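# Fold the following for me, if possible:
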Amino acid sequence: MNVRNLVIFLTILSISISNIEAKTEKAAHYKKGQSVPFYANKIGPYSNPSESYEFYDKIRMCPPEGPKGHVHEHVSLGEDLIGDVRLPSAYDIHFKESTQLKQLCQLSLETYDIQQYKEAINQYYHFELVYDGIPLYGFIGSVIPETTNGVTKNRYFFFSHLHFHMLYNGDQVIHGNITADYSRMTELLDTSMIIKVTYSVEWSPTEFKYKDRMKFPDYLQKKNLQIHWLSIMNSIVLVLLLTGFLAIIILRILKNDYSRYALIEDDEEGGEQEDYGWKLVHGDVFRFPPNKTLFCALVGLGVQFLTILFAILFLAIIGLFYPGNGGTLYVAAIVLYALTSVLGGFVSASFYRQFGGENWAWNIVLVGTLYTIPSVLVFSYVNTVAIIYSATAAVPVSAILIILAILILVGFPLNVIGGIAGRRSASSFEVPCRTKNFPREIPPIAWYRSLPFQMAMAGFLPFSAIYTELRYVFESAWGHKSYQLFGILLLVAVILIIVTACITVALTYFQLSMEDYRWWWHSFLNGGSTGLFIYAYAIFYFNYSTMMTGALQSSFYFSYMLLVCLFFFVMLGTVGFYASLIFVKRIYRGLKID
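So this is what the prediction gives:
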């Protein structure tokens, strides 16, 4: 089975497994007055998307009636990973039955309860309900500053009346929205009080189709799409111009180099002309890199990550990921990571065999654990913090066991199988130049041409290609906006890879021109340096573009962003290495060497 067929097979298999996890339900049909599944999910600060608690745990809310109480309904693996819970709701909303005013309950609040409400309102607590699979969001209250005689005092109000506006198409629920009635707010005093909680329901018809109902919020924001496209196209055009300009310069320089080397060879009195440049290191340029076990493992892992990225984008484009689908994206990523382990093991073992490595068993183990172990450590830390805070983001033991089973029983065996296959099928490492027995001395290099400065230059241009889109992705991943423009994201990913390859090839050429043949690790580190820029942007985004606070949210944000940036570092480093390898083989193949 070649690599192309293997990728196709893994993609189809991951689609099947992800669809099983998503549990794509059949369209629910209701009669007028029929009861519709309605659940309470979670509640938490609006500015901290990872900090959420069970609906009835943090503050006093109207409890549901009946024997079920706070009994949890079954949730899928994806819902466990994103911290979703299903609790019975006290609201009683029947299909196509509008209600002007209906009492939910009477809340008897003591001084402690009122103080909790005030703290929650200060943090802009919002809640999530789920009606027929549709998420409904609302806030619990508002704070209004009031100035009297030069003294400002905050007045706290509880939204004691909520209005549900539901949309339907025929006998199906399409969309819902919750708004607070400001004329019926209840001010929270400093003493015990009883609050009458009410709600109203309004049903309206719509022609929006049921199959696209999860895209309804995006349908309401079409104006922003034009601005989005314009900013993306401006960024892409700028990067393409810069990349094309860089490619033309490199090609012209190479042409001049070939002409110069040809004149030196043809000149019978060539002793008067001193040879210099990248030709002089032809006997060392293909000398295998140090720490080749680690290098091969990183390259194999990078190929695996590249496959995962485009497989996820493909699944997103065909419509598998959408708002409210219960964390299918996370499950698909885990499944793809396990399935593509065979590809990582194959590539790593193949290079390791070509490099003359003998400890192939350690190489296979390394590529299987190089990203898994840091991920497990980060997850253990973050999950412990979530447990301490009693947050819904704490993944239950049952879900953890399922994930470990996928990684151990599926991922690791496939990694071993791929490693054995790669080792056996690997051919000799074909190069146009023979490597000398003794390494050539490397001349001194100016400080501004050192590796750190190369990495800074190599990371900036690819990062500038994705900066605009990266902000939209951050607003979706660490905010409350929905991102569904996966076609644009695929285009940006392709541009990112092209730009990374071009800038890495250019830096590799300049390095060889300085008679420095240590391009293997340099090309990998230069290509992966964009991951460092992404993490630097993550720090900037946290401090200047969000209002995230607290140890829980900070732990989630910086820990998981570290894993994401490591993912991109390894993936783009592999892109840079492969591009440089092809480039180096090509330029030395055109030389006439004695």
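# Sketch out the low-pLDDT regions of the chain for me.
Regions of the chain meeting the criterion pLDDT under 70 cover residues 1-26, 66-72, 217-228, 230-231, 238, 258, 260-276, 323-324, 326, 592-594.
# hmm, 50 instead?
Within the chain, the set of residues satisfying pLDDT under 50 comprises 1, 18, 20-24, 223, 268, 270.
# which residues of this protein fall in strands?
Assigned by DSSP state E, the strands in the chain fall at 38-45, 53-54, 87-88, 99-109, 125-131, 134-139, 141-148, 151-158, 161-169, 172-180, 186-187, 193-205.
# Can you tell me how far Asn363 is from Tyr46?
48 Å (C-beta to C-beta, to the nearest Å). Yep, even glycine has a C-beta here, placed from its N, CA and C like the rest.
# Among those two, which residue is more densely surrounded?
Asn363 (27 against 15; other C-beta atoms under 10 Å).
# Give me the nearest residue to that one, chain neighbours excluded.
Of all residues beyond its chain neighbours, the one nearest Asn363 is Tyr352 (4.7 Å), with distances taken as C-beta to C-beta, 6 or more residues apart in numbering.
# OK, contacts around that neighbour?
Counting by C-beta atoms under 8 Å, 6 or more residues apart in numbering, Tyr352 makes contact with 292-293, 296, 360, 363, 423.
# Make CSV out of the residues you listed and add distance to Leu404.
Output for the contacts of Tyr352, formatted as CSV (distance: C-beta to C-beta, whole Å):
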residue, distance to Leu404
Lys292, 31
Thr293, 26
Cys296, 26
Trp360, 26
Asn363, 23
Arg423, 27
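# Tell me the one of those nearest Asp212?
Closest to Asp212 out of the contacts of Tyr352 is Cys296 (46.2 Å), distances taken as C-beta to C-beta.
# Give me the distance between the closest one and Arg434.
To Arg434, Cys296 is 22 Å away according to C-beta to C-beta.
# Which one's more surrounded, those two?
Cys296 (27 against 9).
# My read is that the more buried one contacts Gly344, right?
No - in this structure Cys296 lies outside contact range of Gly344 using C-beta atoms under 8 Å: 10.5 Å.
# Flag every buried residue along stretch 86-98.
Within stretch 86-98, the residues that count as buried by 16 or more other C-beta atoms under 10 Å are 86-91, 93-96.
# can you put those in JSON lines and add distance to Gly244?
Formatted as JSON lines, the buried residues of stretch 86-98 follow (distance: C-beta to C-beta, whole Å):
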{"residue": "Arg86", "distance to Gly244": "53"}
{"residue": "Leu87", "distance to Gly244": "57"}
{"residue": "Pro88", "distance to Gly244": "61"}
{"residue": "Ser89", "distance to Gly244": "57"}
{"residue": "Ala90", "distance to Gly244": "62"}
{"residue": "Tyr91", "distance to Gly244": "59"}
{"residue": "Ile93", "distance to Gly244": "58"}
{"residue": "His94", "distance to Gly244": "62"}
{"residue": "Phe95", "distance to Gly244": "58"}
{"residue": "Lys96", "distance to Gly244": "59"}
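# Please identify which pair of those residues lies farthest apart.
Maximum distance among the buried residues of stretch 86-98 (C-beta to C-beta): 25.0 Å, for Leu87 and Lys96.
# and for Cys296 and Gly344, which residues touch both?
By C-beta under 8 Å, 6+ apart, Cys296 and Gly344 have these common neighbours: Val367.
# My guess is Ile236 contacts Ala465. True?
Yes - between Ile236 and Ala465 a contact is recorded at 7.3 Å, counting by C-beta under 8 Å.
# out of the two, which sits in the busier spot?
Ala465 (25 against 19).
# What is the burial count for the closest residue to Leu343 other than its chain neighbours?
Once flanking residues are discounted, Leu343 sits nearest to Gln304: 5.3 Å by C-beta to C-beta, 6+ apart. Residues near Gln304, counting by other C-beta under 10 Å, number 29.
# now the one 3 residues further on
The local packing count at Thr307 equals 22, with neighbours defined by other C-beta under 10 Å.
# isn't it right next to Leu339, touching?
No - the pair Thr307 / Leu339 is not scored as a contact, 9.2 Å apart, by C-beta under 8 Å.
# Spatially, which residue comes closest to Ala28, not counting chain neighbours?
Counting by C-beta to C-beta, 6+ apart, the residue nearest Ala28 is Asp132, at 6.1 Å.
# Kindly apply the preceding question to Phe460 instead.
Leaving aside its sequence neighbours, Phe460 sits nearest to Phe533 (C-beta to C-beta, 6+ apart; 6.7 Å).
# Would you map the helices across the stretch 451-594 of the chain?
Along the stretch 451-594 of the chain, counting by DSSP state H, counting those that start in this stretch, helices occupy 451-477, 486-513, 519-544, 551-589.
# packing partners for the second one?
Think helix 486-513. Under the contact criterion of 3 or more C-beta pairs under 8 Å, 6 or more residues apart in numbering; DSSP states H and E, helix 486-513 touches helix 222-266, helix 292-317, helix 451-477, helix 519-544, helix 551-589.
# Look up how far Pro64 lies from Cys105.
From Cys105 to Pro64 the distance is 10 Å (C-beta to C-beta).
# Looking at the two, which one has more neighbours?
Using other C-beta under 10 Å, the more surrounded residue of Cys105 and Pro64 is Pro64, with 22 against 15.
# Once you drop chain neighbours, what's closest to Asp257?
Nearest non-adjacent residue to Asp257, counting by C-beta to C-beta, 6+ apart: Gly277, 6.2 Å away.
# Hmm, Asn359 is touching Thr293, no?
Yes - counting by C-beta under 8 Å, Asn359 touches Thr293, with 6.6 Å between them.
# quick one on the thing from earlier: now, which of the contacts of Tyr352 sits nearest Ser482?
Closest to Ser482, out of all of the contacts of Tyr352 and judged by C-beta to C-beta, is Cys296, at 40.2 Å.
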